[in-house]
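1. need the 3D shape of this:
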Amino acid sequence: MEDFLIVFNFNLILDVRTCYFPERWEGTWFQSGVRQSILIEGPRLSSKGRCVGSEGDKFLILDEKKTCYRCVVIHEKHINVLQYKETYCHSREVLPTLCGLITGDALLYSMFRENAVPIPCPFRGPFTFTYNRGHGECRYPVSSIDTCIEESKLLLSYQACPDVHGSESAIEELQCLALWKEGSSRYLVGKIYHSHVTSNEDRYRCFVYEKASAASEALDGVDYRVAQSGDATCNGLFSATEGSRTMTLKKALPLNKCRFPYWIANSNHWHTLDYSSTYSFHHKNSTLRITNSTGIDMKVICVQLKQATRDESAVVLITHFTMGCQNGYICIAFYRRDVHVMEMQMGAQTNRREDACNPGFFDKSTLPFVTLVTTTGETQHCPFMGKFEVNNLIQNKQETSLNKYSQREEPKYFDSNFYFRKERRSIYFEELEYTRRRVKRVDEDFDCDSNGVSTLNIGCVSYDTMEFTMDCTAPNLITSYSCHGRWEENGTNFLITSPVGNSAFGVRKFCFMYKEVISGVMFSTSAESCNRLIKPGITGELIFNISSTGKCFDTDASIRTQPINAWLISSIVFSSIVWVIQTSR
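-> As a prediction, this is how the structure comes out:
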């Protein structure tokens, strides 16, 4: 560390009663051996007193309790690290030479900012490493460093060597807080998290590291050498080969990468029907990032193609995942259902790549499907075409996914899948706002047909639209859906829809599941995914059956227009006869 040889005359500032520390230093700080947090605020250094004079990095501090002065020389190593040396507290008489009392070998103190904003770590894994705690090098089994989702964190996995005393298996998470260079040495301050950490004394650690020379890297593959302090200070760290623990890092073998199916790359961003999770594909279609509504991220790298159909419409992949600082392997299956619709099945996590797609971790027959759609608003032809009668409209009384988003007790708003409630004899319609909300309500006094009869028009207004109409004494409510994609599986059809007029980004979509029977078509709906456990017409969030009542054109209206058409034809014929007679004259 630098020498603190100071000669400073305070005679010129004796009449100055207050000085201020730099604003960027303000906040609370941790110092090893000090039980309470140190507060720097304005002129006050809580553990020392009040600043009454300063020049550069030298500060004259008045201890108002003891009525004595001390010289404190503070060096900012990083916005999150301050180091200082100080004198004992002296009377006013020694002020002219007070800072000269600090010698080069005076004790150096380190203060680390509490609640500091983390910084990217200076090296990124994965690495393998050996370590030494003073009892010999622990070489086998080899330890490892893995990257985390956040660039400010590393995961260190220590292995115990049976022939090395003091080596032990442990997993530590390192969060990087500060970096600086001093001479030829580079310093890192971080916080360590593991099961035995109970206080900041155990949590803060200082490191010295150096990049290995090109010759050393070529000879034995060493990338970095690192030394770690034994306590929450930077004392005793002078080189990357001396410390309470020393480590030698080598770059781990990179993962073999494959690519996700080509059709996924046609749209880089996919999301679940309710927008609770987003799936983004990056880095030449080899990396997937999954983000859910709580902000938790998972990074997934394609490692190996396990199975695939000839057109790649269905593939099974071994992938490597990182979530926070946790990592391992997952088997994932992708299925192309339509141009803008796909589904996936994700297996259980494992540390062994070869186990990922084994039946114990990945079983297609039992794993749920996650339905994903693109952000595009493109529509397609709806199934069937014509007018239908809706029968046996039932809302599943079990808690639906709607309740997760709408917690209001009264009135009970309904999702854009409208629900009919006979006991309340009222209708509420809601296009559930994941990012936007639009609500239409009919007063509870308006009575609806007790049988809940409604009609469904498919493709009558537009080829890509379905319209529901409830028969109520109040003005009819029409709920319209756009069709986005569909497919068939084992006799059950799946249709992705969205409320008409809500094509903006962020509006959720729905899965309609239906099966054709002799009497008509049985429907069920789901607001989260196309759940295979739902039986159309029997279970689901909304259950109803439809039967055809005719084609889209209104036959009654065509009959009513016949007299008008006859009158028009007669008028034309009569006018033509009159014109012929007149011209013949």
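
2. what pairs with residue 61 across the strands?
-> residue 51, residue 70 (DSSP bridges).

3. residues near it, how many?
-> 25 (other CB atoms under 10 Å). Where you see a C-beta, it was placed from the backbone N, CA and C, and this is true even at glycine.

4. could you do residue 214 as well?
-> 8.

5. model confidence score at it, please.
-> Residue 214 carries a pLDDT value of 80.

6. same check on the one 10 residues further on?
-> pLDDT, residue 224: 95.

7. can you tell me which residues contact the residue positioned nearest the centre of the chain?
-> Among the residues of the chain, the one closest to the centroid is residue 291, at 3.0 Å (CA atoms, centre = their mean). With contacts defined as CB atoms under 8 Å, 6 or more residues apart in numbering, residue 291 is in contact with 277, 278, 280, 297, 298.

8. quick one: the helices in the stretch 451-585 of the chain?
-> Counting by DSSP state H, counting those that start in this stretch, the stretch 451-585 of the chain has helices at residues 555-560, 562-584.

9. list the contacts of residue 129.
-> Residue 129 makes contact with 142, 143, 144, 145, 247, 248, 249, 250, according to CB under 8 Å, 6+ apart.

10. neighbours around the second one, how many?
-> So that's residue 143. As a burial measure, residue 143 scores 23 neighbours (other CB under 10 Å).

11. in what helix or strand does it lie?
-> strand 137-147 (DSSP states H and E).

12. just checking, what packs against that strand?
-> In terms of contacts (3 or more CB pairs under 8 Å, 6 or more residues apart in numbering; DSSP states H and E), strand 137-147 is packed against strand 127-132, strand 153-158.

13. now those in CSV, with distance to residue 284 and mean pLDDT?
-> Formatted as CSV, the helices and strands packed on strand 137-147 follow (distance: least, CB to CB, whole Å; pLDDT from 0 to 100):
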stretch, distance to residue 284, mean pLDDT
strand 127-132, 24, 97
strand 153-158, 25, 96
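
14. so which of those strands gets nearest residue 64?
-> strand 153-158 (42.2 Å; CB to CB).

15. show me which of the contacts of residue 291 are buried.
-> Buried members of the contacts of residue 291, scored by 16 or more other CB atoms under 10 Å, are 277, 278, 298.

16. what is the neighbour count of the residue nearest to the first one when sequence neighbours are not counted?
-> If you skip the residues right next to it in sequence, residue 277 has residue 292 as its closest partner in space, 4.5 Å away by CB to CB, 6 or more residues apart in numbering. By other CB under 10 Å, 12 other residues sit near residue 292.

17. residue 292 against residue 279, yeah?
-> No. At 10.2 Å, residue 292 does not count as touching residue 279 under the criterion of CB atoms under 8 Å.

18. still on that earlier bit, nearest to residue 58, of the helices and strands packed on strand 137-147?
-> Residue 58 sits nearest to strand 153-158 of all these, at 36.8 Å, using CB to CB.

19. relative to strand 137-147, how tilted is that closest one?
-> Interaxial angle, strand 153-158 versus strand 137-147 (axes from the mean of the first three to the mean of the last three CA atoms, to 10 degrees): 150 degrees.

20. residue contacts, residue 173?
-> Neighbouring residues of residue 173 by CB under 8 Å, 6+ apart: 148, 153, 154, 155, 156, 192, 193, 194, 325.

21. do the same with residue 101
-> By CB under 8 Å, 6+ apart, residue 101 lies in contact with 71, 87, 88, 90, 94.

22. compare those and tell me which is most surrounded.
-> Within those, residue 71 tops the neighbour count with 26 neighbours, counted by other CB under 10 Å.

23. how close does that one get to residue 332?
-> 63 Å (CB to CB, to the nearest Å).

24. residues in contact with stretch 352-363?
-> Stretch 352-363 is contacted from outside by 303-304, 306, 316, 318-320, 329-331, 333, 345, 347-350, using CB under 8 Å, 6+ apart.

25. ranking by neighbours, what's the top pick from those?
-> Highest count within these by other CB under 10 Å belongs to residue 331, 27 neighbours.

26. what pLDDT does that residue get?
-> Model confidence at residue 331, given as pLDDT, is 98.

27. for the remainder of this discussion, apply numbering that starts at 829.
-> Sure thing, new numbering starts at 829, so read that last one as residue 1159.

28. sorry, back to before: identify, from the contacts of residue 957, the entry nearest to residue 935.
-> Of these, the one sitting nearest to residue 935 (CB to CB) turns out to be residue 1075, at 27.1 Å.

29. ok, and the closest non-adjacent residue to residue 1089?
-> Among residues not flanking residue 1089 along the chain, residue 1140 sits closest, at 4.6 Å (CB to CB, 6+ apart).

30. whichever of the contacts of residue 1001 end up buried, select them in ChimeraX.
-> Per 16+ other CB under 10 Å, the buried members of those correspond to this ChimeraX selection:
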select :976,981,982,983,984,1020,1021,1153
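
31. of the contacts of residue 1001, just say which sits nearest to residue 1208.
-> Nearest to residue 1208 among the contacts of residue 1001, with distances taken as CB to CB, is residue 976, at 41.6 Å.

32. low-confidence ranges, the stretch 1079-1228 of the chain, go.
-> For the stretch 1079-1228 of the chain, the stretches with pLDDT under 70 are 1224-1228.

33. let me see the backbone angles for the closest residue to residue 912 other than its chain neighbours.
-> Nearest non-adjacent residue to residue 912, counting by CB to CB, 6+ apart: residue 902, 4.4 Å away. The phi/psi pair for residue 902 (degrees, to the nearest 10) reads phi -110, psi 130.

34. equivalent analysis for the one 10 residues further on, please.
-> Phi and psi for residue 912, reported as degrees, to the nearest 10, are phi -150, psi 160.

35. and it, bridged to which residues?
-> residue 902, residue 937.

36. now the contacts of residue 957: which count as buried?
-> Among these, the ones that count as buried by 16+ other CB under 10 Å are 971, 972, 973, 1075, 1076, 1077, 1078.

37. pLDDT added to those residues, as a markdown table?
-> As requested, these are exported to a markdown table (pLDDT from 0 to 100):
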| residue | pLDDT |
| --- | --- |
| 971 | 96 |
| 972 | 95 |
| 973 | 96 |
| 1075 | 97 |
| 1076 | 96 |
| 1077 | 96 |
| 1078 | 95 |
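
38. what number of residues lie near the residue nearest to residue 1089?
-> The burial count for residue 1140: 15, using other CB under 10 Å.

39. quick check: it vs residue 1162, distance?
-> 9 Å.

40. mind listing the shared neighbours of these two?
-> Contacts common to residue 1140 and residue 1162, judged by CB under 8 Å, 6+ apart, are residue 1089.

41. which residues in the stretch 1179-1328 of the chain form strands?
-> 1198-1202, 1214-1223, 1247-1249, 1254-1259, 1266-1269, 1282-1286, 1293-1298, 1306-1317, 1320-1327 (DSSP state E, counting those that start in this stretch).

42. which residue is the nearest non-sequential neighbour of residue 1307?
-> Excluding the flanking residues, the one nearest residue 1307 by CB to CB, 6+ apart is residue 1296, at 4.5 Å.

43. show me what that neighbour is bridged to.
-> Using DSSP bridges, the bridge partners assigned to residue 1296 are residue 1284, residue 1307.

44. tell me if I'm right that it and residue 1218 touch.
-> Yes. Counting by CB under 8 Å, residue 1296 touches residue 1218, with 7.0 Å between them.

45. which neighbours do these two share?
-> Residues touching both residue 1296 and residue 1218 (CB under 8 Å, 6+ apart): 1282, 1283, 1284.

46. residue contacts, the second one?
-> Looking back up the chat, that one is residue 1283. Per CB under 8 Å, 6+ apart, neighbours of residue 1283: 1215, 1216, 1217, 1218, 1296, 1297, 1299, 1377.
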